[in-house]
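Engineer: please work out how this folds:
(chains A and B)
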Amino acid sequence: MSTILQLLVSGIMLGGIYAVMSIGLTLIFGVLKIVNFAHGEFLMLAMYAAWAVVSATGMTTYTAMAVVTPLLFCFGLLVYLLIVRPGIEKPHLVVVFATMGLSIAMQNLALVAMTADLRDVAPLFGGTPIKFGPLYFRVELLLGFLISIAITLALMMFVKRTYIGKAIRATVQDRDAAMLMGINVPRLFLLTFAGGSALVGIAGCIMLPLYSTFPTVGLNFVLIAYVVVVLGGMGSMEGAFLGGICIGIVQSLSGYYVAPAYGQMFYFLIFLLVMIFRPNGLLGQRGAAMVGINE
Amino acid sequence: MIAGRLSAVSGVQAISLSIAPRRGAVSLVEIAVLASCIIAAAVVSNRYAVDIMIRTFLWAGLALAWNIAGGYAGLISFGHAAFFGIGAYTSTILLLNFGVPPWFGMFAGALIAACAGALLTRVCARLRGPFFILSTLAAGEVVRIAALNWRSLTGGPEGLEIPPVPNVVDMVFKSQWPYVAIIVAYMLAMFALSAWIEQTRYGYYLFATRDNEDGASAIGINPSHTRTAAMALSAATTAIGGTLFAQYFLYLDPTHVISPDISFQFALICAVGGLGTASGPVFGALIIVPLSELLRGLLSQSTSGLHLVIYGIIVIVVILYFPSGVSGAIGRTVSRFFPAGGFAARVQTEKYDAQA
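Structural biologist: Predicted coordinates for the structure are as follows:
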C-alpha cells in the first residue's frame, strides 16, 4: 500500500517538473501557433547554463535561476528575431524546418563546446531524502515540485489579471480580432516567445539537480514535453500541468511494475490514443487538431 | 508571398503547403548531368568517394520516398524512420532466420511498412499540422522502443549483423560497384515514380487534397483514400531503401536505424532541395550528403559534431530564404537566363512562386 502511495506521490512530483518543462512550449503554441522543434535544445542550454553558473560561483541551481532565466529570455528574443520572425509569415512548415535546423545546430554546438561528458551538480544536503510519515522524498524533487506549482499559479494569475495576459488570451482565441482591437500582436509574439524560453530556463534549473546534462539531453525530454502538451491540450497551461501530472504518474508506476524501458512506450501509446480519440487534449480548444491550429 | 502573409494573419492554413511548387523545377536532363558528374568523379577516385556517392544516392532515393507523403500529399511525417527500420529489419530477419534472399525480403518489408503507413494515416486521419507531425514522431518512437526491447526478434540494442560473405543471392558483394548499380537503380526508380505521380490523375488528386481539402472533396475526390495511398506508397518505398541500407552496411541497430534523427534527415533533405517536386529531394541529397560527409572528414580531427552545426545553419538559411528549396531557386535562375527555352515547368514554377 505504501509502495503505491510512494509511487503516486513521486509520480505527481515528477509530473510537476514535466509541467514546467512543457508550459513554455504550450504557451508559445497557443499564441504563435507554432511548435518550437528546438524546445529540447533550449532546455539543454538552460541546464548547461545552470551548470556553468553553479560550478563557477558555487551557488545552488535555485539561486542560479536568477541568472539563467534572464539569459534564456534573451536567447529566446534572439531566436525569435533571427529565425521565427522571418518564417512566421510563411507557410507553417518553414518554422518547423527552421527550428529543426536550429535544434541540430545547437545540439552539435554543445557537443563541440562541452563534449559528450555528463555534467551534474552535487545533491543538496548530501542527497539524504526527507522523511514524511511513511514516505520519502528527494529534496530536489520536492523543491522542483513546489517551484512548478508556484510557477503555474503565478502564470495563471498573470494571464488572468494583467493587460498582457488579457492580450495573450485574446490572441489565443482570435488573432485577427485581437489585432483589430489594437493589440500589438507582433510585439506580443516576441514577448511570448522570449517568455516561453525564460520558463524553459526555470525548468532547466530545477531539472539539473535531478538529471545530468549532455548535448542530446533535450531529445528525451522534448518528447515527454510533446506528450504532456498534447495530452493537456495544446495552448492550455492548466492542461499542461494536468498532462504533466498524468505522465509523471504513468512513468512512476510503469517504471516500477513494468520495465522502465517499456515505460517510455506507454506514454507514446497514451499520446497516440489521445490523438486518435481526443485530439484536442484534456483541456484544449475544440476542433484545434482538425485545422492544425486553434482558429 | 501575399497569400502566405494572409494565411499567417488570418490563421487559415488551407494553403499551408504553398512552398511546394506543383511541378518539377528542373528537368531530368539536368539531374542526369549531375549524376554522371558524380559517377565520373567516382570512377577516377577512391573507395571513400564511391562510398559517399552510394550514400548520396541512397539518401536521394529515400528522400524521394518521403516526398511522396511529405511533399505531394502534405503528410509531414517525422516517423519515417519506423518504415525504414521495418524494411531493414524484415529483410534481415528473413535472411538470417529463414534464408529468404533480400531480393524478395525487401518486398515483404515493403508490404508490412505499407500496412503500417496506411494504418497510421487512417487513425490520424483527422489530425492536421503539428498534431499530425507529433503523432508520426510518437509512432516512430513506439516502433523504436519495440525494436529495442524485443530482443528475440531484433537482437535488441546489440543489433543484427549480416555475415559479410559475398553472395549474389544474399545481396552481399565484395566490390562496391554492384551496390552502386542497385542503389542508383533504386534512386532512378523513385525519381521515375515521382515524375509519374506528378503527371497522373492521382497526382492531381494529391495536390488538390493537399492544397484545399474541402475543394477536393467537393469535386469528388476522397481525401482520406488519397492520403492513405500516398502514405502507404511512401512507407513501402522507404522500407525498400531500408533493406538496401541493411545490405550495404551489413549491420542494424535500433538506435541508428529507427532514430528520429533519420526521419528528420529525410524531411530536411526534401526541405533544402525543394518539397513536393521530383528533382528537389535529389538536389537536396546531392548537396547535403556529400557536404556533411566531406565536412565530417575535414573537421573530424579537430572536433566531432562541427559538420552538423554547419549543416543545421545551412538548413535554417535555405528554408528561411529559399522556401521553395534549392531546386526552386535554380529553376528561377535558369528561367531568368533562358526565358523562352521551352522550359514550361520552370515558367510555371516562377508564376506559381509569384502568386504565392
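
Engineer: contacts, neighbours, all on C-alpha from now
Structural biologist: Fine.

Engineer: tell me the helix or strand right after the helix or strand hosting B:Leu268.
Structural biologist: With secondary structure defined by DSSP states H and E, B:Leu268 is part of helix B:260-273. Of the helices and strands lying after helix B:260-273 in sequence (DSSP H and E), the nearest is helix B:279-299.

Engineer: does chain A sit close to the helix or strand that that following helix is followed by?
Structural biologist: If you walk from helix B:279-299 toward the C-terminus, the next helix or strand you reach (DSSP H and E) is helix B:306-321. Yes: judged by Cα under 8 Å from any Cα of the partner chain, helix B:306-321 comes into contact with chain A through B:306, B:308-317, B:319-320.

Engineer: okay, helices next: where are they in the stretch 101-250 of chain A?
Structural biologist: Shown for the stretch 101-250 of chain A, the helices assigned by DSSP state H, counting those that start in this stretch span residues A:139-161, A:163-173, A:175-180, A:185-207, A:217-232, A:237-257.

Engineer: to chain B, which of those helices lies closest?
Structural biologist: helix A:175-180 (6.0 Å; Cα to the nearest Cα).

Engineer: output the contacting helices and strands for that closest one.
Structural biologist: In terms of contacts (3 or more Cα pairs under 8 Å, 6 or more residues apart in numbering or on different chains; DSSP states H and E), helix A:175-180 is packed against helix A:163-173, helix A:185-207, helix B:2-10.

Engineer: for that helix, which positions count as buried?
Structural biologist: Along helix A:175-180, these residues count as buried under the neighbour rule (16 or more other Cα atoms under 10 Å in any protein chain shown): A:175-176, A:178-179.

Engineer: turn these into TSV, columns for pLDDT.
Structural biologist: Formatted as TSV, these follow (pLDDT from 0 to 100):
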residue	pLDDT
A:Arg175	83
A:Asp176	85
A:Ala178	86
A:Met179	87
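
Engineer: kindly indicate which of the residues you listed lies nearest A:Phe241.
Structural biologist: Using Cα to Cα, A:Arg175 is the member of the buried residues of helix A:175-180 that sits closest to A:Phe241, with 24.6 Å.

Engineer: got the helices and strands packed on helix A:175-180 as CSV, with distance to B:Ala138, mean neighbour count and mean pLDDT columns?
Structural biologist: Formatted as CSV, the entries for the helices and strands packed on helix A:175-180 read as follows, by distance: least, Cα to Cα, whole Å; neighbours: other Cα atoms under 10 Å in any protein chain shown; pLDDT from 0 to 100:
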stretch, distance to B:Ala138, mean neighbour count, mean pLDDT
helix A:163-173, 26, 18, 87
helix A:185-207, 22, 24, 92
helix B:2-10, 27, 17, 35
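
Engineer: got TSV for the ones you listed, with distance to A:Thr216 too?
Structural biologist: TSV is the format used below for these (distance: least, Cα to Cα, whole Å):
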stretch	distance to A:Thr216
helix A:163-173	32
helix A:185-207	14
helix B:2-10	32
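
Engineer: what sits against A:Lys166?
Structural biologist: Contacts were defined as Cα atoms under 8 Å, 6 or more residues apart in numbering or on different chains; by that measure A:Lys166 touches A:159-160.

Engineer: distance of A:Gly16 from chain B?
Structural biologist: Between A:Gly16 and chain B the distance, using Cα to the nearest Cα, to the nearest Å, works out to 22 Å.

Engineer: could you check the pLDDT of that residue?
Structural biologist: A:Gly16 is assigned a pLDDT of 91 by the prediction.

Engineer: for B:Ala354, same thing?
Structural biologist: The per-residue confidence score, pLDDT, reads 38 for B:Ala354.

Engineer: give me the nearest residue to B:Leu58, chain neighbours excluded.
Structural biologist: Using Cα to Cα, 6 or more residues apart in numbering or on different chains and skipping the chain neighbours, the partner closest in space to B:Leu58 is B:Ile183 (5.9 Å).

Engineer: could you report the neighbour count for the one you found?
Structural biologist: B:Ile183 is surrounded by 25 other residues when neighbours are defined as other Cα atoms under 10 Å in any protein chain shown.

Engineer: let me see the backbone angles for B:Pro150.
Structural biologist: Careful, residue B:150 is Trp; it's not Pro. phi -90, psi 70 (degrees, to the nearest 10).

Engineer: is it fair to say the residue nearest to B:Leu58 lies in a helix?
Structural biologist: Yes: inclusion of B:Ile183 in a helix is indicated when DSSP: H, G, I helix; E, B strand; the rest coil is applied.

Engineer: surely it and B:Phe57 touch.
Structural biologist: Yes: counting by Cα atoms under 8 Å, B:Ile183 does reach B:Phe57; the two are 6.4 Å apart.

Engineer: quick revisit: what sits up against the helix holding B:Leu268?
Structural biologist: The list of residues contacting helix B:260-273 from outside it, by Cα under 8 Å, 6+ apart, reads A:97, A:100, B:59, B:62-64, B:66-67, B:70-71, B:76-81, B:137, B:140-141, B:256, B:276, B:279-285, B:288, B:315, B:318-319, B:323-328.

Engineer: make it 6 Å
Structural biologist: Outside helix B:260-273, the residues that touch it by Cα atoms under 6 Å, 6 or more residues apart in numbering or on different chains are B:63, B:78-81, B:280-281, B:283-285, B:325-327.

Engineer: stretch B:140-147 too?
Structural biologist: Among residues not part of stretch B:140-147, those counted as contacts by Cα under 6 Å, 6+ apart are A:265, B:79, B:82, B:154, B:254, B:258.

Engineer: nearest to A:Ile28, of the helices and strands packed on helix A:175-180?
Structural biologist: helix A:185-207 (5.8 Å).

Engineer: and the closest one, what does it pack against?
Structural biologist: Secondary-structure packing of helix A:185-207 (3 or more Cα pairs under 6 Å, 6 or more residues apart in numbering or on different chains; DSSP states H and E): helix A:2-32, helix A:39-57, helix A:61-79.

Engineer: okay, the angle between the longest one and helix A:163-173?
Structural biologist: Spelled out, that is helix A:2-32. 80 degrees (axes from the mean of the first three to the mean of the last three Cα atoms, to 10 degrees).

Engineer: flag every buried residue along helix A:2-32.
Structural biologist: With the criterion 16+ other Cα under 10 Å, helix A:2-32 contains buried residues A:6-32.

Engineer: do stretch B:95-110 as well
Structural biologist: Taking 16+ other Cα under 10 Å as the neighbour-count basis, stretch B:95-110 is seen to contain the buried residues B:95, B:100-103, B:105-110.

Engineer: picking that back up, in TSV: the helices and strands packed on helix A:185-207, plus distance to B:Val272.
Structural biologist: Listed next are the helices and strands packed on helix A:185-207 as TSV, based on distance: least, Cα to Cα, whole Å:
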stretch	distance to B:Val272
helix A:2-32	24
helix A:39-57	22
helix A:61-79	20
